[in-house]
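# below are the sequence and a predicted model for it; my questions follow.
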Amino acid sequence: MKQLFITYIIFLVVLSCKAQSITPLYPVTSNQTNETITNRYYKDVDNDYNPYVGIWKWESGSNSLTIIFNKFEHYLSGSGDYFDFLLGEYKYIENSVELVNTCPLIEPIGIPNIINQEDPLNNNITSIVITTIDRGFPPCPECDPNTRFIILSISDPTKPGLWGEIKMARFVEGGVEKIRAKINMKFNENASIDYSGPDTITIPEGIYTFIKQN
């Protein structure tokens, strides 16, 4: 009887795995949008997100930008599909003055702490795609030729409706883990209304080199 029960459980697990269609996040293929398949899992099969998990910091004089990244797996979307995401929060200091700090939403490192949020995608940094296609990447001569870049969106809670974009790659230099990132303004969802507020996110556009802190 016990052996029959174990066999039944194994059968259910195998059946469940077969029911869910796994699509790698990389490479992005046209089939991901053209096929109609339910219960699809867009999975970080090659664990491209894993090396980014942790705390990263850029500093220049009295200015600094700290980003905390976390990986969120098997997120169930409203469409019924599942996704793996790289999520983040950040703290930006300019001339020794803290202008933005959303880090408490994701500390400590581990499962994202989504305080007062029902959806992990409400985190202020969210991955969009893993790619090697040149989309204005930051210069990274230290990166391997086949380096996969991560593209993410970044929102600014101090300026609702403004969205930036992060294009980044990780590399190791002198035994130190680093990220080369390009940050730029991407979208202003207020543009279609009578709006006279700021038109750029708080973090200045530019190229940043982050060093891993832990």
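That came through, no problem.

# quick one: low-confidence ranges for the protein?
In the prediction, the chain carries residues with pLDDT under 70 at positions 1-19, 29-37, 107-118.

# try 90 this time
Of all residues in the chain, those with pLDDT under 90 make up the ranges 1-20, 28-39, 76-80, 104-122, 134-135, 189-199, 214.

# this protein: strands as residue ranges?
Using DSSP state E, the strands of the chain run over 21-24, 40-43, 54-60, 63-76, 82-94, 97-101, 125-131, 149-155, 162-173, 176-188, 206-212.

# for residue 138, find the nearest of the ones you listed.
For residue 138, the closest of the strands of the chain is strand 176-188, at 3.8 Å, according to CB to CB. For the C-beta atoms, the positions are set from N, CA and C on the backbone; glycine is no exception.

# partner strands of that closest one and their direction?
Sheet pairing here is set by DSSP bridges, and for strand 176-188 it gives strand 162-173 (antiparallel), strand 206-212 (antiparallel).

# circling back: any chance of the strands of the chain in a markdown table, with mean neighbour count and distance to residue 140 too?
Output for these, formatted as a markdown table (neighbours: other CB atoms under 10 Å; distance: least, CB to CB, whole Å):
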| stretch | mean neighbour count | distance to residue 140 |
| --- | --- | --- |
| strand 21-24 | 15 | 23 |
| strand 40-43 | 19 | 26 |
| strand 54-60 | 17 | 15 |
| strand 63-76 | 19 | 17 |
| strand 82-94 | 21 | 18 |
| strand 97-101 | 14 | 25 |
| strand 125-131 | 18 | 14 |
| strand 149-155 | 21 | 9 |
| strand 162-173 | 20 | 5 |
| strand 176-188 | 18 | 4 |
| strand 206-212 | 16 | 9 |
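
# need these in CSV with distance to residue 139, can you?
Listed next are the strands of the chain as CSV, based on distance: least, CB to CB, whole Å:
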stretch, distance to residue 139
strand 21-24, 27
strand 40-43, 29
strand 54-60, 15
strand 63-76, 18
strand 82-94, 22
strand 97-101, 26
strand 125-131, 17
strand 149-155, 12
strand 162-173, 10
strand 176-188, 7
strand 206-212, 7
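
# can you tell which of the strands paired with strand 176-188 is closest to residue 70?
Comparing the strands paired with strand 176-188 by CB to CB, strand 206-212 comes nearest, at 14.0 Å.

# nearest to residue 45, of the strands paired with strand 176-188?
Closest approach to residue 45 among these (CB to CB): strand 162-173, 17.7 Å.

# who wins for proximity to residue 199 among the strands of the chain?
Closest to residue 199 of the strands of the chain is strand 176-188 (CB to CB; 6.0 Å).

# residues contacting that closest one, please?
51-52, 56, 136-140, 142-143, 153-154, 161-172, 195, 199-201, 203-212 (CB atoms under 8 Å, 6 or more residues apart in numbering).

# give me that answer again for 6 Å
Strand 176-188 has contacts (CB atoms under 6 Å, 6 or more residues apart in numbering) with 56, 138, 140, 162-171, 200-201, 203, 205, 207-212.
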